[in-house]
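*Asks:* Fold the stuff below for me.
(one chain, ligands or ions: 2)
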Amino acid sequence: KVVFPHPKRTRLIAVANQKGGVGKTTSTVNMAAALASHGAQVLVIDMDPQGNASTALGAPHASGSASVYDVIEGRCGLGDVISVCPDFSTLDVVPASIDLSGAELEVADLPNRNTLLKEALEQFLQQSDKHYDYVFIDCPPSLGLLVINAMCAVTEMLIPIQAEYYALEGLGQLINTIGLVQEHFNPVLLVSTMLVTMFDRRTLLSREVYGEVKSHYPNIVLDTTIPRTVKISEAPSFSQSVIAYDPRGIGAIAYGEAALEFAKRSPNVLEAIDARRKAH
Ligand code: ADP
Ligand code: MG
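*Replies:* Ligands and ions are numbered 1, 2, ... in the order given. So this is what the prediction gives:
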């Protein structure tokens, strides 16, 4: 069995791209599950009112049940709404319910509206008995207040990019928004990782998209790409990651390799974050 290195301190990662359907949730769930399956202690926070990450990790999230919505609105702490993923004992989940769709308006007038998640996460990590190696936040497909909260709460961004014709369209806008968050709220924030998803090695287009993204962001894009496979898209309907649903399939293997590459970068990434912190 491959040994995954553990990061020296907790890595906090927001998985974002304002485009829908590019593989944010799939990548959050399966990177987290792959790391947890190799012994890392992982927390996934679902910040999308659709609750797809909650579904895929087997966390109950019916409307009205305790979720990240209650945390954002200050009714309880993150620790009060955590459940453990049934497939991996070291994978914890903070679910999102559809109620979260009301939060953006409900907290809009609070002076600390951008840092509600950051405050809750800091408090939780300080008080928790567990040490987490990775905290992933799955973002909704927008650049609204929930995403800003995620960007303020973390030190790293993971951007999934779908291998399709319009892949780079909208990326500029996302990078601009990250720049604004860096300028106003979170100067330490680092775009550490891009992951090309739904890659089809038989098509020239997929290879061209990969080449183009790689040439723009050579040190950020993972060498590993995620192939398009039916098992990856089936797994959520069984409330499972593909790591649990089809552990020997090419989807699970690809996410396993991406997670290993991601874990191996930890020393460099943490150093880059420290350098940003020093500069500000
Ligand atoms: P997002 O969170 O960015 O909206 P999702 O992760 O939900 O995107 O993915 C969008 C759709 O594509 C989902 O139905 C998902 O199951 C499917 N999907 C994602 N990655 C793959 C893949 N590598 N192979 C096949 N289907 C995929
Ligand atoms: Mg999603």
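*Asks:* For Val93, give me its contacts.
*Replies:* By Cβ atoms under 8 Å, 6 or more residues apart in numbering, the contact list for Val93 reads 43-44, 46, 53-54, 57-59, 82-85. C-beta coordinates here come from the backbone N, C-alpha and C atoms, glycine included.
*Asks:* My understanding was that Ile232 contacts Thr26; is that so?
*Replies:* Yes - checked against Cβ atoms under 8 Å, the pair Ile232 and Thr26 is within contact range at 6.2 Å.
*Asks:* Show me the common contact partners of the two, please.
*Replies:* Ile226.
*Asks:* residue contacts, the closest residue to ligand 2 within the stretch 151-280 of the chain?
*Replies:* Nearest residue of the stretch 151-280 of the chain to ligand 2 (Cβ to the ion) works out as Pro160 at 9.5 Å. Going by Cβ under 8 Å, 6+ apart, Pro160 touches 15, 17, 22-24, 26-27, 194-197.
*Asks:* when you check ligand 1, which of the residues you listed turn up near it?
*Replies:* Among those, proximity to ligand 1 is found for 22-24, 26, 197 (Cβ under 6 Å from any ligand atom).
*Asks:* Kindly provide the distance from Leu145 to ligand 1.
*Replies:* 18 Å (Cβ to the nearest ligand atom, to the nearest Å).
*Asks:* next one: Ala62
*Replies:* 20 Å.
*Asks:* and which of the contacts of Val93 is nearest Gly211?
*Replies:* Lowest distance from Gly211 to those (Cβ to Cβ) belongs to Ala53, with 30.0 Å.
*Asks:* what about the closest one, how many neighbours?
*Replies:* Neighbourhood size, Ala53 [other Cβ atoms under 10 Å]: 31.
*Asks:* That one: helix or strand, and which one exactly?
*Replies:* helix 52-56 (DSSP states H and E).
*Asks:* Now tell me what touches that helix from outside.
*Replies:* 25-26, 28-29, 44, 46, 60-61, 67, 93, 95-97, 138, 235-236, 239-241.
*Asks:* Same question for stretch 233-245.
*Replies:* By Cβ under 8 Å, 6+ apart, the list of residues contacting stretch 233-245 from outside reads 26, 29-30, 32-34, 37, 52, 55-58, 85-88, 229, 231-232, 246, 249, 251-252, 255-256.
*Asks:* ok, and for that stretch, which residues are buried?
*Replies:* In terms of neighbour count (16 or more other Cβ atoms under 10 Å), stretch 233-245 has its buried residues at 235-236, 239-245.
*Asks:* What of stretch 18-29?
*Replies:* 18-19, 22-29.
*Asks:* Kindly report the same for stretch 70-87.
*Replies:* Residues of stretch 70-87 classed as buried by neighbour count (16+ other Cβ under 10 Å): 70-73, 77-79, 81-83, 85, 87.
*Asks:* got it, and stretch 183-194?
*Replies:* For stretch 183-194, by 16+ other Cβ under 10 Å, it's 186, 188-194.
*Asks:* Appreciated, that's everything.
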